[in-house]
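# A structural model of the following input is requested.
(2 chains)
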Amino acid sequence: GESVGLHLPTLSVQEGDNSIINCAYSNSASDYFIWYKQESGKGPQFIIDIRSNMDKRQGQRVTVLLNKTVKHLSLQIAATQPGDSAVYFCAEFNKLIFGAGTRLAVHP
Amino acid sequence: DGGITQSPKYLFRKEGQNVTLSCEQNLNHDAMYWYRQDPGQGLRLIYYSQIVNDFQKGDIAEGYSVSREKKESFPLTVTSAQKNPTAFYLCASSTDYSNQPQHFGDGTRLSIL
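Prediction:
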């Protein structure tokens, strides 16, 4: 079946380092993706989106890369801060498929 | 502030009871959604509504029911037919159904007594 998954369940980084969270998808027809951040006990918060006519999109301290050839996208967070600690997951919006998430832990 | 409000934040259900989770949005969004989140799993779609007075089953609709009588409200009823209702329930909305960002409420955690 179709899926959207992440390579690592947990990612630990030092404060100030860059973080990279990866996501793979299976549906080659997928053309719209979103990264969400979810803090404990709260709903997901929109971070950034990307459509398939783009390879890269940048926001404030975040960059999403889309590689349609290998059906992979990544979220890069620059200068990671303690407030970035949360679960991050990608979602494919053609069929509303959500990944399980990667927990990002930022250590001082 | 515009947003999505889910209530209550915590809800307990006795065996054999139906319970209703509230979701209200003041974003003037046409589309609304209900998801279920279980530990270690991605969100799973229960029901969605593209417009008032219309709704469609998602991937795991069995044991759940919804209504969409008003644009701003999309309540979810967890019926006694849902045998494993303990989960975190999330409501979302978007301007329309097709490829627009979904904005989420802060969820309702349902537990069984």
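# contacting residues around residue B:28?
Counting by CB atoms under 8 Å, 6 or more residues apart in numbering or on different chains, residue B:28 makes contact with residue B:71. Using the backbone N, CA and C atoms, a C-beta is placed for each residue, glycine as well.
# Check which helix or strand it maps to.
Per DSSP states H and E, residue B:28 falls between elements, in no helix or strand.
# same question, residue B:46
Using DSSP H and E, residue B:46 falls within strand B:44-51.
# State the next helix or strand along the chain beyond that strand.
Strand B:44-51 is succeeded, C-terminally, by strand B:54-57 (DSSP H and E).
# Could you give me the buried positions within the strand holding residue B:46?
For strand B:44-51, burial by neighbour count (16 or more other CB atoms under 10 Å in any protein chain shown) applies to B:44, B:45, B:46, B:47, B:48, B:49, B:50.
# How about the residues of chain B by chain A?
Residues of chain B lying near chain A by CB under 8 Å from any CB of the partner chain: B:4, B:6, B:33, B:35, B:40-45, B:48, B:58, B:90, B:92, B:99, B:101-107, B:109.
# which residues in the chain form strands?
Picking chain A for this. Per DSSP state E, chain A carries strands over the ranges A:4-5, A:10-14, A:19-25, A:32-38, A:45-51, A:56-58, A:62-67, A:72-77, A:86-92, A:97-98, A:102-107.
# wait, chain B
Taking DSSP E, the strands of chain B run over residues B:4-7, B:10-13, B:19-25, B:31-37, B:44-51, B:54-57, B:64-66, B:76-78, B:87-94, B:103-104, B:108-112.
# Quick check: which ranges of chain B have low pLDDT?
Scanning chain B for pLDDT under 70 picks out B:1-2.
# Nearest the geometric middle of it, what residue?
Nearest to the geometric centre of chain B sits residue B:34, at 2.9 Å (CA atoms, centre = their mean).
# Would you confirm that that residue contacts residue B:48?
Yes. Applying CB atoms under 8 Å, one finds residue B:34 in contact with residue B:48, separated by 7.3 Å.
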